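A.B. asks: coordinates only, sequence not included:
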């Protein structure tokens with residue numbers, strides 16, 4: 001039994017390096033949990049920790065669903081991915097996924113009826129998403145709609161985090177602004193993940209650059225970044241107005257804008273990683289700032 005657990009742990013560690021980078025995901029999820037706690041005015045450590053663990057567990061649950069649903073597609077078009085290379089098996093991922101679902105369920109029950117109900121909705125929705133809502137052939141023809149219905153899972157997760165922390169949330173203008181802020185953040189992460197350097201789209205026809213082209217994709221990405229910054233500015237003005245917010249937001253736009261421009265010109269894997277890394281840093285700073293401003 002111990003050897004089996006150790007074996008799966010080693011294989012999972014190798015898998016997560018490529019498909020579920022725990023450190024990078026933690027750096028993006030924990031700051032969002034902090035800012036969520038600030039927005040609902042609940043700073044209990046337990047709620048923040050529960051919200052973070054639930055977020056990580058549900059994101060992993062979605063990842064396993066994606067791996068199961070896309071296994072044949074990935075075998076044909078992404079044969080170098082860890083599951084296709086035999087780094088880990090689907091059954092082993094399912095075992096870890098059961099632990100993730102149990103963690104979500106326990107946290108939901110401990111957080112009250114509302115959280116339990118939302119967790120139930122999340123799991124049911126993810127089940128339908130895993131099966132492409134039983135319209136696999138039709139829904140996959142519409143790339144943007146297909147991605148939209150899957151992003152809804154993250155929106156449900158954000159509501160779940162609010163409820164875990166506050167137990168009962170009140171819908172205010174500030175909460176709505178923060179929800180839209182995290183929504184654009186989620187869309188950006190999803191978008192940039194499928195924004196490839198010209199010539200690296202592969203044959204799967206599953207990237208935004210394949211459907212929009214590199215220039216249009218970079219334009220959309222730039223608009224999303226600007227929208228996310230505007231929402232951060234709006235939230236900051238509501239809770240901590242001042243000239244420094246203008247300076248802070250402007251500097252952030254300039255820094256991210258420079259990384260976008262460099263990648264737009266160079267079109268290299270290194271500049272792609274630089275652009276993603278700078279957005280992750282700025283988004284982290286935005287969320288931590290919201291927490292600090294209110295706390």
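C.D. replies: Noted; the coordinates are in hand. Model, not experiment: these values are computed from the prediction.

A.B. asks: can we go C-alpha only for contacts and neighbour counts from here?
C.D. replies: Fine.

A.B. asks: tell me the helix or strand right after the helix or strand of the chain with the lowest mean pLDDT.
C.D. replies: When each helix and strand of the chain is scored by mean pLDDT, DSSP states H and E, helix 136-139 comes last, with a mean of 64. Scanning forward in sequence from helix 136-139 by DSSP states H and E, the next helix or strand is helix 143-166.

A.B. asks: what lies in contact with whatever helix or strand comes next after that following helix?
C.D. replies: Going down the chain from helix 143-166, the next helix or strand is helix 173-193, by DSSP H and E. For helix 173-193, the external contacting residues (Cα atoms under 8 Å, 6 or more residues apart in numbering) are 32, 36, 39-40, 151, 154-155, 158, 208, 221, 224-225, 227-228, 231-232, 234-235, 238, 276, 283.

A.B. asks: same thing but at 6 Å, please
C.D. replies: Helix 173-193 is contacted from outside by 228, 231, using Cα atoms under 6 Å, 6 or more residues apart in numbering.

A.B. asks: for it, which positions count as buried?
C.D. replies: Within helix 173-193, the residues scored as buried using 16 or more other Cα atoms under 10 Å are 174-175, 177-185, 187-189, 191-192.

A.B. asks: with stretch 81-99 instead?
C.D. replies: Those would be 82, 83, 84, 88, 89, 93, 96, 97, for stretch 81-99 by 16+ other Cα under 10 Å.

A.B. asks: residue 252 versus the closest residue to the third one other than its chain neighbours, what's the distance?
C.D. replies: Nearest residue to residue 84 in three dimensions, chain neighbours excluded: residue 75, at 5.9 Å (Cα to Cα, 6 or more residues apart in numbering). For residue 75, the distance to residue 252 equals 40 Å [Cα to Cα, to the nearest Å].

A.B. asks: low-confidence stretches in this protein?
C.D. replies: By pLDDT under 70, the weakly predicted segments of the chain are 1-7, 133-143, 201-206, 243-244.

A.B. asks: now the strand or helix carrying residue 234 against helix 173-193, angle please.
C.D. replies: Taking DSSP H and E as the definition, one finds residue 234 inside helix 214-239. Here helix 214-239 points in a direction 160 degrees away from that of helix 173-193 (axes from the mean of the first three to the mean of the last three Cα atoms, to 10 degrees).

A.B. asks: now for helix 214-239, which elements pack on it?
C.D. replies: The contact analysis (3 or more Cα pairs under 6 Å, 6 or more residues apart in numbering; DSSP states H and E) places helix 214-239 against helix 173-193.

A.B. asks: tell me the angle the helix it packs on makes with helix 143-166.
C.D. replies: 140 degrees.

A.B. asks: surely residue 161 touches residue 50?
C.D. replies: No: checked against Cα atoms under 6 Å, the pair residue 161 and residue 50 is beyond contact range at 8.4 Å.

A.B. asks: more neighbours, those two?
C.D. replies: Using other Cα atoms under 10 Å, the more surrounded residue of residue 161 and residue 50 is residue 161, with 27 against 22.

A.B. asks: not counting its neighbours along the chain, what's nearest that one?
C.D. replies: Nearest residue to residue 161 in three dimensions, chain neighbours excluded: residue 51, at 5.1 Å (Cα to Cα, 6+ apart).

A.B. asks: count the residues that sit near the one you found.
C.D. replies: 31.

A.B. asks: what's the particular helix or strand that has it in it packed up against?
C.D. replies: Assigned by DSSP H and E, residue 51 belongs to helix 45-69. Here helix 45-69 touches helix 90-111, going by 3+ Cα pairs under 6 Å, 6+ apart.

A.B. asks: compute the inter-axis angle for the helix it packs on and helix 143-166.
C.D. replies: Going by the same axes, to 10 degrees, helix 90-111 makes 40 degrees with helix 143-166.
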